[in-house]
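Enquirer: here is the input, now give the coordinates:
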Amino acid sequence: MRHIPLGSTDTMITDYCLGTMTWGNQTSENEAHIQMDMALDAGINIVDTAEMYPVNPVAAETVGNTEIVIGNWNAKHPSRRQAYVLATKISGKNDRFVRLGQPITGETFTAAVENSLRRLQTDYLDIFQLHWPNRGSYHFRQNWGFDPSAQDKEQTLAHMRDVLEAADKAVKAGKIRHFSLSNDSAWGTSQWLRIAEDTGLPRVQTVQNEYSLLCRLYDTDMAELAVNEKVTLLGYSPLATGLLTGKYQGGAIPAGSRMEGNGNLGGRKTDRAFIAVAAYEQVARDHGLDLAQMALAFTVQRPFPNSTIFGATTAEQLQHIINGLDIVLDENVMAAINAVHFAHPMPY
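Expert: As a prediction, this is how the structure comes out:
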C-alpha cells in the first residue's frame, strides 16, 4: 500500500479504504469488529460508512445500524480512534428511508452530522460526504438515460452555498474536518470548488464515485478535474459487487452472496458483464494473478489520486484482499487490461 494526500490537505491516507456497507446486516457486529482490527493491523488507515447503511436491502428500520456497529467498536477502542480517518455520508433525496426522504439542506446537513457523531460515538468526523446530489446523478446505472434539462442552475448554486455555510460551521466547531461529495459529476464538483474558492468556505477534498475494471466513467473529465484541483477519489465497488471475483461466472449464485439477496446487483448483472469478466479472468490467468487482487491493484495504479474502497462480508474474504494489497501490476498486465477494456468498454 501507499499513502496519498487526502485532497489538498496534509492528511495522508492509504490507497485502500475499508468499506462497511454490509455491517449490521450480512456482516454481524462481532465479525465487523474483527474486520476493523484486521484492517488497522494491516496498516489501512481509512474507513468509509454512511448513515443509510447497511444495504441489501436499505430499509428505514436499519438506517444507521452500520454507524452504530462502528461506534461500538470506537467505544471499545478509544485509543485507536485517532489512528484512522473516518468517512461517513448524509443521504440525499430518497424513498423515505432517511428523514422521510428530505433532500440535503444546510439544516439537514447539521442534523445529520449530529446524528452520525452520536451513532459513531466520536467527537469528530474526518470526512463528511453528500451521498448523492439533490439535482440528480448519472451514477447507479442512470447514465443511460441521464437528463439534466430540468436542473435549475441558480437554485443549485444557492443550495450549494447553503450547505457549505453549514459545513463551515461544523468545521469551526470541530465536528467535521473535511467536506466531500459522492456520486457527483465534473460540473457539480467544479461548482462546489468555485463557490468555496470565492467565499472561503470549505472546499471539496474527496469525491466518492464508482470505479472498477467494469465501470471507468471517471477516467476522463473527473480524472482531469481530480488531478488539477487536488480532489481524491474514494472509488467504490472496485470488485463490481462481486462480479470481479469470478464467483458468479457460469450462472453460480453462492449462498449468502449479494446476488442471492439482490438479483441484478444494482443493474450490473448483464450478459456483457459476464463476457467482460471472463476476459479479465483470462488476463489474470495468463499472468499468474488472482482476479480480485488484480482488479483492486488496477484501481490504485491509475493516473489520478484514488483510495479504493473495498468491502468483505467475512474475515476470510478480507484476509484474501489484504494479502494482495501490495501487488503492483507491470506494464504487460496493464496493456492486457486496456485491451479488454477497449473490447468491452461499458458492460453495464
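Enquirer: all contacts plus neighbour counts: C-alpha atoms, from now on.
Expert: OK.
Enquirer: run through the stretch 1-150 of the chain and note the low-pLDDT ranges.
Expert: For the stretch 1-150 of the chain, not a single residue meets the criterion pLDDT under 70.
Enquirer: all helices for it, in order.
Expert: For the stretch 1-150 of the chain, the helices defined by DSSP state H, counting those that start in this stretch occupy 29-41, 65-76, 106-120.
Enquirer: and among those helices, the most buried is which?
Expert: Of these, the one with the most neighbours on average (mean count of other Cα atoms under 10 Å) is helix 65-76, at a mean of 21.
Enquirer: what helices or strands is that helix leaning on?
Expert: Applying 3 or more Cα pairs under 8 Å, 6 or more residues apart in numbering; DSSP states H and E, one finds that helix 65-76 makes contact with helix 29-41, helix 106-120.
Enquirer: go again using 7 Å as the cut-off
Expert: Applying 3 or more Cα pairs under 7 Å, 6 or more residues apart in numbering; DSSP states H and E, one finds that helix 65-76 contacts helix 106-120.
Enquirer: which residues are contacting the helix it packs on?
Expert: Residues outside helix 106-120 that contact it (Cα atoms under 7 Å, 6 or more residues apart in numbering): 51, 67-68, 70-71, 90, 123-124, 162-163, 166.
Enquirer: so what touches stretch 179-189?
Expert: 127-133, 137, 139, 167, 202-209, 221-222, 225.
Enquirer: show me the strands in this structure, by range?
Expert: Listed in chain order, the strands of the chain (DSSP state E) span 3-5, 12-14, 16-19, 46-48, 85-90, 125-130, 176-182, 204-208, 232-235, 306-310.
Enquirer: which of these sits closest to Ile253?
Expert: Ranking the strands of the chain by proximity to Ile253 (Cα to Cα) places strand 306-310 first, at 20.3 Å.
Enquirer: so what does the closest one touch, helix or strand wise?
Expert: For strand 306-310, the packing partners by 3+ Cα pairs under 7 Å, 6+ apart come out as strand 16-19, strand 232-235.
Enquirer: want to try JSON lines for these, with distance to Thr189 as columns?
Expert: Listed next are the helices and strands packed on strand 306-310 as JSON lines, based on distance: least, Cα to Cα, whole Å:
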{"stretch": "strand 16-19", "distance to Thr189": "22"}
{"stretch": "strand 232-235", "distance to Thr189": "12"}
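Enquirer: now those strands in TSV, with mean neighbour count and distance to Lys247?
Expert: Output for the helices and strands packed on strand 306-310, formatted as TSV (neighbours: other Cα atoms under 10 Å; distance: least, Cα to Cα, whole Å):
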stretch	mean neighbour count	distance to Lys247
strand 16-19	25	20
strand 232-235	26	21
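Enquirer: count the residues that sit near Gly64.
Expert: When neighbours are defined as other Cα atoms under 10 Å, Gly64 has 22 of them.
Enquirer: nearest residue to it other than its sequence neighbours?
Expert: Closest residue to Gly64 apart from its sequence neighbours, by Cα to Cα, 6 or more residues apart in numbering: Glu51 at 4.9 Å.
Enquirer: separation between that neighbour and Ala273?
Expert: Taking Cα to Cα, to the nearest Å as the measure, Glu51 falls 30 Å from Ala273.
Enquirer: the two - which one has more neighbours?
Expert: The neighbour comparison of Glu51 against Ala273 (other Cα under 10 Å) goes to Glu51, with 25 against 20.
Enquirer: could you check how far the more buried one is from Ile275?
Expert: According to Cα to Cα, Glu51 and Ile275 sit 35 Å apart.
Enquirer: C-alpha coordinates for stretch 254-270, PDB please?
Expert: What follows is stretch 254-270, C-alpha atoms only, in PDB (Å, rounded to 0.1, in the frame of the first residue of the first chain):
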ATOM      1  CA  PRO A 254     -23.300 -18.600  -3.900                       C
ATOM      2  CA  ALA A 255     -25.300 -18.800  -0.700                       C
ATOM      3  CA  GLY A 256     -25.300 -15.600   1.300                       C
ATOM      4  CA  SER A 257     -23.900 -13.600  -1.700                       C
ATOM      5  CA  ARG A 258     -25.100 -10.200  -2.800                       C
ATOM      6  CA  MET A 259     -26.700 -11.700  -5.900                       C
ATOM      7  CA  GLU A 260     -28.800 -14.000  -3.800                       C
ATOM      8  CA  GLY A 261     -30.300 -11.100  -2.000                       C
ATOM      9  CA  ASN A 262     -30.200  -8.500  -4.900                       C
ATOM     10  CA  GLY A 263     -30.600 -10.400  -8.100                       C
ATOM     11  CA  ASN A 264     -29.400  -7.900 -10.600                       C
ATOM     12  CA  LEU A 265     -26.500  -6.400  -8.500                       C
ATOM     13  CA  GLY A 266     -27.900  -2.900  -8.800                       C
ATOM     14  CA  GLY A 267     -28.100  -3.100 -12.600                       C
ATOM     15  CA  ARG A 268     -24.600  -4.600 -13.000                       C
ATOM     16  CA  LYS A 269     -25.800  -8.100 -13.900                       C
ATOM     17  CA  THR A 270     -25.800  -8.200 -17.700                       C
END
